[in-house]
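Chemist: A structural model of the following input is requested.
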Amino acid sequence: MIILLALVLLGGCDLFKVRESEPPGEPPPWNDYAYDLEYALENLSYCYTDSRNKIHYAAMFTDAFVFHFASQDISDFSMPTIWNRSQEQNMIELLHNHYAKIEMDTLKIDGDDQISENEAIIYSPYTIRVTLRNSIGQDVIDVKGNLELHFRRISGYWYIDKWYDYRGRNDIITWGKLKYDNS
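Modeler: Residues are numbered from 1 along each chain as shown. Just a heads-up that it's a prediction; the model follows:
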């Protein structure tokens, strides 16, 4: 009797009814093949602005990658002078855990950049806006400075080999400081 009652109740709630599947969500923006410098720069932005791309982050760098912190940040905040690819990957994981939203201005290639067949140096100002996770209200932090990215083309694809961060006269928080605070 109890079994019959259970079957009637379960049959009435459509527990075993076949449902339509949910459509998949949009994949994160990403350039699978960074054979163009602009694609490599876009991918760098995508790793920061969409947390689903953090799995690609370390693959954007050469094995010998070195990040150089701004000299003012080193002296003002007792930061190390450099760090490596592994430290970059650890940082991006923590960064996305601390901030609910990250927005960046587009990094662009211009006439001052030095580009050859297998090496390139890109100079660019940057502005990043980060919104703190679990904050009361909208706590937004502006991150500003200048960067110098050294790229190497390996097997037809561009990878970041060296990254120099520079703090401008009126800049308070640089990209390097943001990274260091999230390491």
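Chemist: gap between the two ends of stretch 47-63?
Modeler: 18 Å (C-alpha to C-alpha, to the nearest Å).
Chemist: all strands in the chain, in order from the N-terminus.
Modeler: With DSSP state E as the criterion, the chain has strands at 61-68, 82-84, 99-104, 114-115, 119-132, 140-154, 157-166.
Chemist: Need the residues that contact the fourth one.
Modeler: This means strand 114-115. For strand 114-115, contacts defined as C-beta atoms under 8 Å, 6 or more residues apart in numbering pick out 37, 109, 120, 121. Backbone N, C-alpha and C define where each C-beta goes, glycine included.
Chemist: ok, and the most crowded of those residues?
Modeler: residue 120 (20 neighbours; other C-beta atoms under 10 Å).
Chemist: From what I see, residue 104 and residue 48 are in contact.
Modeler: Yes - applying C-beta atoms under 8 Å as the test, residue 104 and residue 48 come out as touching, 5.8 Å apart.
Chemist: Give me the more crowded residue out of these two.
Modeler: The residue with more neighbours, out of residue 104 and residue 48, is residue 48; 21 against 17, by other C-beta under 10 Å.
Chemist: how far away is the more buried one from residue 87?
Modeler: Per C-beta to C-beta, to the nearest Å, residue 48 is found 16 Å from residue 87.
Chemist: Just give the closest residue to residue 29, not the sequence neighbours.
Modeler: Nearest non-adjacent residue to residue 29, counting by C-beta to C-beta, 6 or more residues apart in numbering: residue 46, 5.2 Å away.
Chemist: Report the contact partners of that neighbour.
Modeler: Counting by C-beta under 8 Å, 6+ apart, residue 46 has contacts 28, 29, 30, 31, 53, 56.
Chemist: So among the residues you listed, which ones count as buried?
Modeler: With burial judged by 16 or more other C-beta atoms under 10 Å, the buried subset of the contacts of residue 46 is 53, 56.
Chemist: Make a markdown table out of the contacts of residue 46 and add distance to residue 70 and pLDDT.
Modeler: A markdown table is the format used below for the contacts of residue 46 (distance: C-beta to C-beta, whole Å; pLDDT from 0 to 100):
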| residue | distance to residue 70 | pLDDT |
| --- | --- | --- |
| 28 | 29 | 93 |
| 29 | 29 | 94 |
| 30 | 29 | 95 |
| 31 | 28 | 94 |
| 53 | 25 | 96 |
| 56 | 26 | 96 |
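Chemist: Much appreciated, bye for now.
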